[in-house]
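> predicted model and sequence follow; I will ask about them next.
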Amino acid sequence: MLRIVDSIDFAIGWLCRATIIVTGVFLTLVMTANVIARYVLATGGFGFAQELPTLLFPWFIMAGVTLAALGGAHMAVEWLYGKLEDTGRVRLMAFGNLLVILSFGVLAWQSLVVAAIAGAERSPVLGLPNSIGYYCVAAGAVLVAVVTATATLRILMLDWNARPATNVEEMPL
């Protein structure tokens, strides 16, 4: 079971890192090209370059949110855990994680509801449905729920020390 949990986390981590790299590079190239085009072209830049960031940036952000959840890098209040024994810590974290999973499940569901509504509208230049960003939020919410579930399984199978924790040395100042 632990091998399956690790495989799920690895696959999600790989997917999110690839998403960040691809969207980050693409956004940088398009925005840089558009800045140059504003000075070179009589049209004042590329029309599509105004729409692409609003379509791609949510994927970039949600991949980062999922990676933060995967690595335990989200803000946390840990003072209560310090007052409990290991069994109490595990139970409290499992309960808290269950609330997170349910909350992100609701967020995913509601994002799909809004996406169905927003899909009727199209972006003016590219003609893409405006639901793309909402689908991104739904996908990201599902991924956060999954990595929270795998973290919960890991601490339930092993112990308190198996929780995801980011190395403080890797954090930006």
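Sure thing, it's come through.

> quick one: average pLDDT of stretch 156-173?
In this model, stretch 156-173 has a mean pLDDT of 70.

> where in this protein is pLDDT low?
Counting by pLDDT under 70, the chain has low-confidence residues at 75-77, 166-173.

> which helix is the longest one in this structure?
Using DSSP state H to define each element, the chain has its longest helix at helix 2-40.

> Three-state assignment for residue 124, please.
Residue 124 carries the three-state label coil when classified by DSSP: H, G, I helix; E, B strand; the rest coil.

> can you tell me the SS state at the nearest residue to it once chain neighbours are set aside?
Once flanking residues are discounted, residue 124 sits nearest to residue 51: 7.5 Å by Cβ to Cβ, 6 or more residues apart in numbering. For the C-beta atoms, the positions are set from N, CA and C on the backbone; glycine is no exception. The three-state label given to residue 51 by three-state DSSP is helix.

> check which helices and strands the longest helix of the chain is in contact with.
In terms of contacts (3 or more Cβ pairs under 8 Å, 6 or more residues apart in numbering; DSSP states H and E), helix 2-40 is packed against helix 48-71, helix 132-157.

> three-state assignment of the residue of the chain most remote from its centre?
No residue in the chain sits farther from the centre than residue 42, which is 38.7 Å out by Cα atoms, centre = their mean. Per three-state DSSP, the secondary structure class of residue 42 is coil.

> okay, which residue is most central for the chain?
residue 62 (2.8 Å).

> from what I can see that residue touches residue 142, true?
No - Residue 62 lies out of contact with residue 142 (Cβ atoms under 8 Å); the separation is 10.0 Å.

> who's in contact with residue 68?
Applying Cβ atoms under 8 Å, 6 or more residues apart in numbering to residue 68 gives the contacts residue 74.

> please renumber so the chain begins at 14
Got it, first residue is 14 now, which makes that one residue 81.

> OK, contacts around the closest residue to residue 21 other than its chain neighbours?
Residue nearest to residue 21 in three dimensions, not counting chain neighbours: residue 163, with 5.4 Å by Cβ to Cβ, 6+ apart. Contacts for residue 163 (Cβ under 8 Å, 6+ apart) come out as 18, 21, 22.

> go on, residue 67?
Residue 67 touches 136, 146, counting by Cβ under 8 Å, 6+ apart.

> ok so, going back, what subset of the contacts of residue 163 is buried?
18, 22 (16 or more other Cβ atoms under 10 Å).

> in CSV: the contacts of residue 163, plus distance to residue 127.
Listed next are the contacts of residue 163 as CSV, based on distance: Cβ to Cβ, whole Å:
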residue, distance to residue 127
18, 31
21, 27
22, 29
